[in-house]
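>>> Predicted structure and sequence below. I'll ask about it afterward.
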Amino acid sequence: MKIEIDGTRLSAEIEELAAISDAEAPAVTRIVFTPTDLKARRWLIGRCEKSGLAVRQDAIGNIFARWAGSDVGAPAICTGSHIDAIPNAGKYDGVVGVLGGLEAIRTLRESGLRPKRSIELLVFTSEEPTRFGIGCLGSRLLSGTMCADAARTLTNKDGSKLEDVRIAAGLTGLLEEVKLKSDYRAFVELHIEQGPLLERQKVPLGIVTQIAAPASLRISIEGAGGHAGGVSMPDRRDALCAAAELILAVENAGRSSGAVDTVATVGICDVFPGAVNSIPSRVQLSVDIRDTSVERRDKAMREIEGARQSIATKRQVSIQTQQLNADAPADCSPAIIEVLSEGCKRQGHSFMLMVSRAYHDSLFMSRIAPIAMLFIPCRKGYSHRPDEYASPEDIARGVTVLAETLAVLAE
Ligand SMILES: [Zn+2]
């Protein structure tokens with residue numbers, strides 16, 4: 001079968017979707033359930049319907065656009081990603097997997113293929129944690145990784161509840177019904193790499209073998225404040241000095257594992273009261289730890305816990321840790337990796353096997369279906385910023401291999 005995708009149509013759609021944004025071009029801001037996000041969803045549903053796909057939405061707003069196969073009872077083949085974007089982001093993160101997935105399905109339909117299995121495009125709600133503090137909301141619920149009750153407790157920074165926000169967006173079904181009852185034979189996500197390896201090594205495609213296990217902690221340190229002149233050094237219980245030691249302990253937990261896949265980061269440090277002549281009394285840290293091995297990731301977390309206890313004792317401060325999430329890693333399906341590799345070879349493209357340290361909806365889809373991911377290069381590895389860029393040629397290559405893979409899996 002000769003697959004020729006319509007790159008011009010796809011590029012035009014990427015531009016059209018990028019224009020539905022709360023930030024000035026080239027930046028894209030599209031936060032879940034804002035009027036802009038709802039407008040983008042309507043636009044996308046229109047595109048899917050125009051392509052002849054049957055569209056449904058579940059109670060959290062995950063969009064399913066299905067091309068029915070000849071055996072409607074057989075588990076379907078699925079592809080997809082997300083269209084929400086963090087503030088001041090770019091046009092390609094998630095979108096390449098959604099519009100590229102649509103283009104792949106459209107191309108197969110236009111080629112006259114009659115697949116045995118249904119092929120479905122899945123657009124996940126809130127892959128980004130921007131609004132409700134937790135990433136991959138749609139795929140967590142869909143896969144049963146998060147239960148409906150836990151989702152109902154989620155609130156926005158302004159105090160508004162997820163439950164009220166989604167109902168106001170017209171999603172009135174029960175969250176209990178989001179967990180999928182049917183199963184998929186395979187889920188394949190096309191995505192920009194969001195790292196520099198493909199570009200650096202001049203390889204046009206990356207096939208993901210593993211997705212790292214993410215965990216995040218919120219650490220609150222409580223010491224004693226006071227006048228920066230009045231309180232002498234021996235009398236101090238400075239919360240920021242304790243935080244400084246703990247931040248280095250987090251870095252050390254990441255470095256000491258000896259594995260390149262262990263990473264540990266303190267991304268947020270809020271200091272109270274934050275005045276030049278005041279001893280910091282309270283500090284809040286946000287910690288992110290990831291690894292492809294859950295044992296190594298958990299060992300790093302235990303090291304951080306050990307440091308927490310000893311720093312608290314030594315500095316006479318209280319340090320509380322709240323674990324926000326600690327997800328398991330995912331292995332991609334060797335069978336789907338094989339189909340992707342064969343597709344690359346047939347098209348004459350070189351590829352490399354790689355690990356995804358960023359997590360994606362695929363991580364949660366792996367709980368209910370065999371998964372794989374296909375990466376394309378993005379300029380300098382930039383992502384989550386307005387100058388994020390993937391070339392039309394790189395996108396077309398990825399979409400073509402995706403289309404061929406969907407066709408083979410749907411046989
Ligand atoms: Zn993404």
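Nice, I can see it.

>>> low-confidence ranges in this structure?
Where the chain drops to pLDDT under 70, the residues are 1.

>>> The residue of it most remote from its centre in helix, strand or coil?
Distance to the chain centre peaks in the chain at residue 230, reaching 48.0 Å (criterion: Cα atoms, centre = their mean). Here residue 230 is coil, with the state taken from DSSP: H, G, I helix; E, B strand; the rest coil.

>>> Would you enumerate the residues in contact with the closest residue to residue 299 other than its chain neighbours?
The shortest distance from residue 299 to any non-neighbouring residue, by Cβ to Cβ, 6 or more residues apart in numbering, is to residue 257 (6.9 Å). Quick note: C-beta positions are derived from backbone N, CA and C, even for glycine. Shown in contact with residue 257 (Cβ atoms under 8 Å, 6 or more residues apart in numbering): 291, 296, 299, 300.

>>> Neighbours of the residue in the stretch 301-411 of the chain that the ion sits nearest to, how many?
For the stretch 301-411 of the chain and the ion, the shortest gap (Cβ to the ion) falls at residue 360, measuring 5.7 Å. As a burial measure, residue 360 scores 26 neighbours (other Cβ atoms under 10 Å).

>>> Quick one: residues in contact with stretch 305-317.
219, 221-223, 237-239, 241-242, 245-246, 249-250, 253, 318-319, 321.

>>> Could I get the contacting residues of residue 365?
Applying Cβ under 8 Å, 6+ apart to residue 365 gives the contacts 78, 139, 142, 143, 184, 187, 189, 371.

>>> List the contacts of the nearest residue to it once chain neighbours are set aside.
Excluding its sequence neighbours, the residue lying closest to residue 365 (Cβ to Cβ, 6+ apart) is residue 187, at 4.4 Å. Residue 187 sits next to 78, 79, 80, 122, 362, 365, 366, 369, 370, 371, 372 when contact means Cβ under 8 Å, 6+ apart.

>>> how about a cut-off of 6 Å?
Neighbouring residues of residue 187 by Cβ atoms under 6 Å, 6 or more residues apart in numbering: 78, 365, 369, 371.

>>> now do residue 75
Going by Cβ under 6 Å, 6+ apart, residue 75 touches 183, 184, 185.

>>> In helices only, show me the contacts of residue 365.
Among the contacts of residue 365, DSSP state H puts 139, 142 in helices.

>>> For the ion, state which of the contacts of residue 365 is nearest.
Using Cβ to the ion, those come closest to the ion at residue 189, 8.8 Å.

>>> Just the buried ones among the contacts of residue 257, please.
Among the contacts of residue 257, those classed as buried by 16 or more other Cβ atoms under 10 Å are 291, 296, 300.

>>> Would you reformat those residues as a markdown table and include distance to the ion and secondary structure?
Below are these laid out as a markdown table (distance: Cβ to the ion, whole Å; DSSP: H, G, I helix; E, B strand; the rest coil):
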| residue | distance to the ion | secondary structure |
| --- | --- | --- |
| 291 | 20 | strand |
| 296 | 24 | helix |
| 300 | 24 | helix |
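
>>> I'd like those laid out as a markdown table, including distance to residue 337.
Shown next, in a markdown table, are these (distance: Cβ to Cβ, whole Å):
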| residue | distance to residue 337 |
| --- | --- |
| 291 | 21 |
| 296 | 23 |
| 300 | 28 |
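
>>> burial of residue 260, as a residue count?
9.

>>> got the contact list for the spatially most central residue of the chain?
With distances taken as Cα atoms, centre = their mean, the residue of the chain nearest its centroid is residue 360 (3.4 Å). Applying Cβ under 6 Å, 6+ apart to residue 360 gives the contacts residue 189.

>>> redo that, cut-off 8 Å
81, 127, 136, 189, 191, 211, 373.

>>> thinking again about what came up before, in JSON lines: the contacts of residue 365, plus distance to residue 48.
Shown next, in JSON lines, are the contacts of residue 365 (distance: Cβ to Cβ, whole Å):
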{"residue": "78", "distance to residue 48": "14"}
{"residue": "139", "distance to residue 48": "19"}
{"residue": "142", "distance to residue 48": "18"}
{"residue": "143", "distance to residue 48": "22"}
{"residue": "184", "distance to residue 48": "18"}
{"residue": "187", "distance to residue 48": "18"}
{"residue": "189", "distance to residue 48": "17"}
{"residue": "371", "distance to residue 48": "22"}
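
>>> Go through the contacts of residue 365 and name the one nearest residue 341.
Among these, residue 371 lies closest to residue 341 (Cβ to Cβ), at 15.4 Å.

>>> any idea how far that closest one lies from residue 337?
10 Å (Cβ to Cβ, to the nearest Å).

>>> Repeat that for residue 401.
12 Å.

>>> same question, residue 268
For residue 268, the distance to residue 337 equals 36 Å [Cβ to Cβ].

>>> Comparing those two, which residue is more hemmed in?
Each of residue 268 and residue 337 has its neighbours counted (other Cβ under 10 Å); residue 337 has more, 19 against 11.

>>> sec struct for that one, please.
Here residue 337 is helix, with the state taken from three-state DSSP.

>>> show me the contacts for it.
Counting by Cβ under 8 Å, 6+ apart, residue 337 makes contact with 207, 209, 353, 372.

>>> in a helix, that's where the first one is, yeah?
No: under three-state DSSP, residue 207 sits outside any helix and is assigned strand.
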